[in-house]
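Visitor: Using only what follows, build the 3D model:
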Amino acid sequence: MDKANYIYLRLVDKPPRKALVKRGVAAREYMSYCLEVGCDVWEQLRTLAAPGEEPVCLWLPDAFRAPGTSVYVQGVERPLEDNRPVPEGLDTILLPAATYLLFQGMPFAEEDYAQAVHQVQQAMDAYDPAVLGLRWDNESPRVQLEPVGRRGYMEMRAVKPL
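Guide: Residues are numbered from 1 along each chain as shown. Next up, the predicted model:
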């Protein structure tokens, strides 16, 4: 029998916060983003993340996009009261409080990351949050965490009560 692939779900409440982001021009996903801005942005963002935190990738709704910039960005979230300087080349956006539905796949071999991402995104696209009394909140960014094999791929999409 083949090994079962499960997708775990949990609700995550995020407070109002700011995000320091590196914008692209037309990127809609990771590969096109790397072609536009380079793949070294992640390492810079790691140095800006608070202890125990990690950088994020965001798909931004139009309200969070500057004219002529990409839907997909990479950044680091910070508390609203964090007044450290913003490094050159990064923009600050204010993110509202939101409840997210976190989708987490099974652990995977690092070389299988693309399949792990695809499985979780396919499950997310097919999921109807109405079974939980929720609906998708398309006014908040979608959040992608780094695909790390030992924990499984994780992605979050905002929800609101029906």
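
Visitor: Which elements pack onto the strand or helix carrying residue 57?
Guide: Residue 57 belongs to strand 56-59 when assigned by DSSP states H and E. Packing partners of strand 56-59 (3 or more CB pairs under 8 Å, 6 or more residues apart in numbering; DSSP states H and E): strand 17-22, strand 72-79, strand 142-144. From N, CA and C alone the C-beta is placed, and that goes for glycine too.

Visitor: ok, now with 10 Å
Guide: Packing partners of strand 56-59 (3 or more CB pairs under 10 Å, 6 or more residues apart in numbering; DSSP states H and E): strand 17-22, helix 41-48, strand 72-79, strand 142-144, strand 154-161.

Visitor: Make a markdown table from these and add distance to residue 30 and mean neighbour count to it.
Guide: Below are the helices and strands packed on strand 56-59 laid out as a markdown table (distance: least, CB to CB, whole Å; neighbours: other CB atoms under 10 Å):
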| stretch | distance to residue 30 | mean neighbour count |
| --- | --- | --- |
| strand 17-22 | 13 | 22 |
| helix 41-48 | 10 | 15 |
| strand 72-79 | 7 | 22 |
| strand 142-144 | 8 | 22 |
| strand 154-161 | 12 | 19 |
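
Visitor: Could I get the average pLDDT for stretch 44-60?
Guide: For stretch 44-60, mean pLDDT is 92.

Visitor: how about that stretch: buried residues?
Guide: The neighbour-count check on stretch 44-60 (16 or more other CB atoms under 10 Å) flags 44, 45, 48, 49, 55, 56, 57, 58, 59, 60 as buried.

Visitor: Same question for stretch 87-101.
Guide: For stretch 87-101, the neighbour count (16+ other CB under 10 Å) marks 90, 93, 95, 98, 99, 100, 101 as buried.
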